[in-house]
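Fold the following, please.
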Amino acid sequence: MPVRRLSSVIAAAILLAALLACGSTTTTPSSAPPSSGSTVTAVSVVCSPASVIAGATSQCATTVSGTGSYSSAVTWTASTGTIDNTGLFTAPASATTATVTATSTQDTSKSGAASVTVTAASSASTITSVSVTCSPTVIDVSTTSQCNAIVSGTGSYSSSVSWSSSTGTIDKTGLFTAPASATTVAVTATSTQD
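Have a look, this model is predicted:
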């Protein structure tokens, strides 16, 4: 009996060693708890566009810097208007300057801010065109392409758009994910003002 048990233990150890030798990669989400010794050193925020008309949106993004295996998770706040957990700021109904702040969830003493100028909606502002570019323009099934919209107009117009695609999915930042089968897709950006 002891020989059988010993051979079972040796077989299990060899199997474990073989599995470990094959290698594996584990990706830790950025919002995972930080390891000891990790430090957040800075948080910066950029909002685009930096000027919107009342009621329009601006997409804000954050960059978190640090040492070790720090968390890049942040909480968003806005001095006026609203902001969701993805950094999408919605301007209030009147002209003002809003301060959008991202605060590190690992170290709440580290935060960054950006200003968004909110102008009153003017009846003289008009949208003259919206153009879309996606890069790359040819992609494999189930992969992504980043699309950008260029909005032109007169007066104090909003450059905010809403995205749609004939198939596949596209998020509010213009990141398109192709469907699981090959096809031609129309990606559309529609002005939120007009």
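
drop to CA atoms for contacts and neighbour counts, all remaining ones
Fine.

tell me which element the spatially most central residue of the chain falls in.
Nearest to the geometric centre of the chain sits Thr86, at 6.1 Å (Cα atoms, centre = their mean). Counting by DSSP states H and E, no helix or strand carries Thr86.

So which residues of the protein form strands?
Assigned by DSSP state E, the chain shows strands spanning 39-48, 51-53, 57-67, 74-78, 82-83, 88-90, 96-104, 111-119, 126-135, 144-154, 161-165, 169-170, 175-177, 187-191.

Distance of Thr183 relative to Ser142?
Using Cα to Cα, to the nearest Å, we find Thr183 at a distance of 11 Å from Ser142.

do the same with Pro136
Distance from Pro136 to Ser142, by Cα to Cα: 14 Å.

that older thread, adding mean pLDDT, write the strands of the chain out as TSV.
Converted to TSV, the strands of the chain look like this (pLDDT from 0 to 100):
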stretch	mean pLDDT
strand 39-48	96
strand 51-53	91
strand 57-67	95
strand 74-78	97
strand 82-83	96
strand 88-90	95
strand 96-104	96
strand 111-119	95
strand 126-135	92
strand 144-154	92
strand 161-165	94
strand 169-170	95
strand 175-177	95
strand 187-191	93
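
From the ones you listed, pick the one with the highest average neighbour count.
For those, the stretch with the most neighbours on average is strand 51-53, a mean of 24; neighbours defined as mean count of other Cα atoms under 10 Å.

Please enumerate residues in contact with that one?
Taking contacts as Cα atoms under 8 Å, 6 or more residues apart in numbering, the residues outside strand 51-53 that touch it are 58, 91, 95, 116-121, 156-160.

Kindly recompute the last result at 6 Å.
By Cα atoms under 6 Å, 6 or more residues apart in numbering, the list of residues contacting strand 51-53 from outside reads Val116, Thr117, Val118, Thr119, Ala120, Ala121, Ser158.
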